[in-house]
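Student: Here's my sequence, what's the structure:
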Amino acid sequence: MPTPLSFSRNELAGAFGDLGTDLPLLVGVVMATGMDAPAAFVAFGLLQIGSGLIYRLPMPVQPLKAMAAIAIAGKIAPALLAAGGLIVGFTMLALANSGALEWIARTVPKAVVRGIQVGLGLQLLNLALTRFIPGGGTSGWLLAAAAIGLIVALRGNRRLPAGIAVLALGLTWAAFNWPQDFPELWGFQLPSLPTRWPTPNEFGRAALLLALPQIALSLGNSVLATKQVVADLFPDRAPLTVSRIGNTYGLMNLLAAPLGGLPVCHGSGGIAAHYFFGARTGGSAVIYGGALVLAGLFLVGAPSAFQRLVPGPILGALLIVEALTVLLLVRDQWRTPAAFALSIACGLTAAFAPYGYAVALLGGAFVGRVMRRQMESSVPS
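Tutor: Numbering: from 1, shown residues only. This next block holds a predicted model:
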């Protein structure tokens with residue numbers, strides 16, 4: 001029998017736990033590429049709802065981080081971004097249905113998966129401390145400190161979940177600091193679906209520019225690490241297979257492009273963030289998705305106006321919590337010094353080296369294999 005969905009206060013609080021990761025990327029890509037903002041928000045919300053209904057877990061959907069970063073930096077055309085999403089979608093479906101994902105899951109040691117999570121945690125922590133919180137000056141640091149204080153004080157509180165309190169703090173701050181000359185925020189507007197399909201040349205460019213950097217990150221964080229974090233947080237649930245995760249990943253991207261949405265994935269950090277703030281079922285993803293759909297339908301003016309509703313220091317505080325939650329998962333490697341060292345090495349590589357996730361995944365798998373052979377050869381026959 002499927003796990004029932006819950007729409008309690010705790011699911012509501014957990015629903016917005018991943019906002020610190022999603023909102024800057026979503027708004028940043030829309031502004032850089034000129035995508036239709038209502039279509040991007042509505043598509044992103046519908047995919048959140050679908051993920052919650054399919055998995056019955058707080059299994060949110062995130063923008064593809066490597067693609068989003070390239071799109072923001074290069075201000076690429078929406079059709080090129082759509083081509084990249086379609087390529088990674090078809091690639092992941094091929095890997096999932098050929099048995100390749102299961103082979104990768106068996107080959108990559110758990111210590112390397114933990115290292116991928118360490119790398120993600122370090123990147124999120126760096127983003128919070130260098131980009132989102134400092135932008136508000138001294139008051140921004142004070143607001144972030146107040147948000148983290150609320151999270152600590154209300155952790156485990158069933159009557160007033162920390163996520164709701166932090167979101168209310170952010171909205172209150174935004175209301176008192178809203179510029180009088182800023183564009184109007186709300187008003188009904190239907191999404192505009194894409195009118196142009198990517199050309200063969202754009203598919204070729206997208207394969208090299210967008211898909212290749214993204215696939216290694218997705219294999220590590222979106223597939224292997226997501227499977228592991230679900231097993232960590234929900235040991236009583238039936239284990240997820242990497243093939244199932246790969247199939248939904250692929251199908252979501254095949255749906256996102258014609259809807260005018262961003263390329264998306266699952267993510268271990270998003271699950272950890274939803275869980276930390278109280279979510280235990282797919283209801284949190286449905287709530288989050290519904291809010292995004294409403295935002296898309298009633299969003300007018302610049303997307304930057306919508307982003308002001310949740311101040312940067314609040315996003316930074318949410319990112320810090322998400323980062324620490326993911327980083328602490330490496331504790332189960334502590335008792336084996338060699339495995340712990342491999343996790344940390346992979347994490348530092350993933351976070352700070354060029355093509356870090358690909359290097360960490362491939363190099364870590366190779367080193368893990370060598371370590372395993374050395375251990376086997378040292379056992380007396």
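
Student: and the helix or strand hosting Glu322, what other elements does it pack with?
Tutor: According to DSSP states H and E, Glu322 maps onto helix 312-327. Packing partners of helix 312-327 (3 or more Cβ pairs under 8 Å, 6 or more residues apart in numbering; DSSP states H and E): helix 19-33, helix 110-127, helix 137-154, helix 162-176, helix 268-276. For the C-beta atoms, the positions are set from N, CA and C on the backbone; glycine is no exception.

Student: pull the CA atoms of the first one into PDB?
Tutor: The C-alpha trace of helix 19-33 is given here as PDB (Å, rounded to 0.1, in the frame of the first residue of the first chain):
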ATOM      1  CA  LEU A  19      14.300  27.200  -1.200                       C
ATOM      2  CA  GLY A  20      17.900  28.500  -0.600                       C
ATOM      3  CA  THR A  21      19.100  26.300  -3.400                       C
ATOM      4  CA  ASP A  22      16.200  26.500  -5.800                       C
ATOM      5  CA  LEU A  23      15.200  30.100  -5.800                       C
ATOM      6  CA  PRO A  24      18.500  31.800  -6.700                       C
ATOM      7  CA  LEU A  25      19.100  29.300  -9.600                       C
ATOM      8  CA  LEU A  26      15.500  29.500 -10.900                       C
ATOM      9  CA  VAL A  27      15.400  33.300 -10.900                       C
ATOM     10  CA  GLY A  28      19.000  33.500 -12.100                       C
ATOM     11  CA  VAL A  29      18.400  31.300 -15.100                       C
ATOM     12  CA  VAL A  30      15.100  33.000 -16.000                       C
ATOM     13  CA  MET A  31      16.800  36.500 -15.900                       C
ATOM     14  CA  ALA A  32      19.900  35.400 -17.800                       C
ATOM     15  CA  THR A  33      18.300  33.400 -20.600                       C
END
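
Student: Can you pull out the low-pLDDT segments for the chain?
Tutor: Within the chain, the stretches with pLDDT under 70 are 1, 73, 158, 179-186, 300-307, 376-381.

Student: Count the residues that sit near Leu255.
Tutor: Leu255 has 17 neighbouring residues, counting by other Cβ atoms under 10 Å.

Student: Was I right to think it contacts Leu47?
Tutor: Yes: using Cβ atoms under 8 Å, Leu255 makes contact with Leu47 at a distance of 7.0 Å.

Student: Please identify every residue contacting each of those two.
Tutor: Taking Cβ atoms under 8 Å, 6 or more residues apart in numbering as the criterion, Leu255 and Leu47 both touch Gly261.

Student: Over to the residue sitting nearest the centre point of the chain: give its phi and psi.
Tutor: Note on the chain: the residue nearest the mean C-alpha position is Gln62, at 3.9 Å, using Cα atoms, centre = their mean. Torsion angles at Gln62 (phi, psi; degrees, to the nearest 10) stand at phi -130, psi 150.
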